[in-house]
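Participant: no letters, just coordinates:
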C-alpha cells in the first residue's frame, strides 16, 4: 500500500503497516481504516467478499432484480368509486434551511447563567479535544505507532484558537480548538510526514497522550535538543 493512500471515509493518510478493510458500494471499491469501519457500514457499504463485483448495482436495479425472482400474488383490480371533488390543497412553503451550527461566524444561543471557569485556555482546549473524534483518531494511531510527542500552544494570528500538534517519527497531525466558539467542533489544520516541516513553536512538547488518545498536560520524561526536536528514546 502506498504512503499517499487515504481512508475513503475520514480522508486520513493510511500509514505504512496500518491495517485497512475493503468495502464495495455503488461508487466502486473503497479502502477504509479500522477506526471508520462502523461509519462505512452505516453508509450502506458492503464488506468485500470473494466473487463480489467491484461496483454494486444501484438500489433501484437491485429492487427490480429482487422483484423478478419473487412471484408476487395477483392483486384484485381496484373498483372505481365516485366521490365528491376534493378542494385543492394549499401550497406548502418550502422549509427554511438552517445554517450549519458548526460553521464559524454563525450566531448561537448564549447561556443565561454562564458559570465561571477556573481552567486555563490550554486545559479548556485539551478537554474539548478529548471529547472529540480527533481524540479517537489519535487513540488508533497510538495503538499502531506507539506514544507520540504532543504540543499544545496558541495558534498564530488567531488569539482565541489553540493549536494541538501530535507527532511521531514518520508522521504528524495538527488540530485547532476555537475557544471563542464553544459549539464549533475541533477541526484539523494540517498533517505531514516529517517533523522538519513543523515550526519551532509546534515542537515545544509540553503534553503527552495516554492510551486511547486522551491528551494530558503533563511534560513527558523525555530529553529534548535545543531546537525542540525530540531526542532518541
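Facilitator: Cool, got the structure. Note that the structure is predicted; figures quoted are calculated from it, not measured. Numbering: from 1, shown residues only.
Participant: quick one, helices of this structure?
Facilitator: Per DSSP state H, the chain carries helices over the ranges 37-42, 59-69, 121-130, 133-145.
Participant: quick one: buried residues of the last one?
Facilitator: Pointing back at helix 133-145 there. For helix 133-145, the buried set under the neighbour-count rule, 16 or more other Cβ atoms under 10 Å, comprises 134-135, 137-142, 145. Backbone N, C-alpha and C define where each C-beta goes, glycine included.
Participant: please apply the same query to the shortest one.
Facilitator: Within helix 37-42, the residues that qualify as buried by neighbour count (16+ other Cβ under 10 Å) are 37, 40.
Participant: the domain parsing of the protein - what is it?
Facilitator: Here the domain assignment for the chain is 1-66, 121-216, based on automatic domain parsing.
Participant: where among the ones you listed is average confidence lowest?
Facilitator: Per-stretch mean pLDDT for the domains of the chain is lowest at domain 1-66 (a mean of 78).
Participant: so residue 138 touches residue 148, yeah?
Facilitator: Yes - contact criterion Cβ atoms under 8 Å: residue 138 and residue 148 qualify, at 7.3 Å.
Participant: overlap in contacts, the two.
Facilitator: Residues touching both residue 138 and residue 148 (Cβ atoms under 8 Å, 6 or more residues apart in numbering): 166, 209.
Participant: give the closest residue to residue 123 in space, chain neighbours not counted.
Facilitator: residue 217 (6.4 Å; Cβ to Cβ, 6 or more residues apart in numbering).
Participant: would you confirm that the one you found contacts residue 122?
Facilitator: Yes - using Cβ under 8 Å, residue 217 is in contact with residue 122, at 6.0 Å.
Participant: now the common contact residues for the two.
Facilitator: residue 152.
Participant: so for those two, which residue has more residues nearby?
Facilitator: More crowded of residue 217 and residue 122, by other Cβ atoms under 10 Å: residue 122, with 18 against 14.
Participant: what is the residue nearest to that one when sequence neighbours are not counted paired to in the beta sheet?
Facilitator: Nearest non-adjacent residue to residue 122, counting by Cβ to Cβ, 6+ apart: residue 152, 5.0 Å away. Taking DSSP bridges as the rule, residue 152 bridges to residue 164.
Participant: my guess is residue 152 contacts residue 127. True?
Facilitator: No - in this structure, residue 152 is not within contact of residue 127 by Cβ under 8 Å, at 11.4 Å.
Participant: neighbour count for those two, which is higher?
Facilitator: For residue 152 versus residue 127, neighbours defined as other Cβ under 10 Å are more numerous around residue 152 (22 against 13).
Participant: tally up the residues packed near residue 159, please.
Facilitator: Around residue 159 there are 10 other residues, counting by other Cβ under 10 Å.
Participant: which residues does the closest residue to residue 33 other than its chain neighbours contact?
Facilitator: Excluding the flanking residues, the one nearest residue 33 by Cβ to Cβ, 6+ apart is residue 7, at 4.2 Å. Counting by Cβ under 8 Å, 6+ apart, residue 7 makes contact with 14, 20, 31-33, 35-36.
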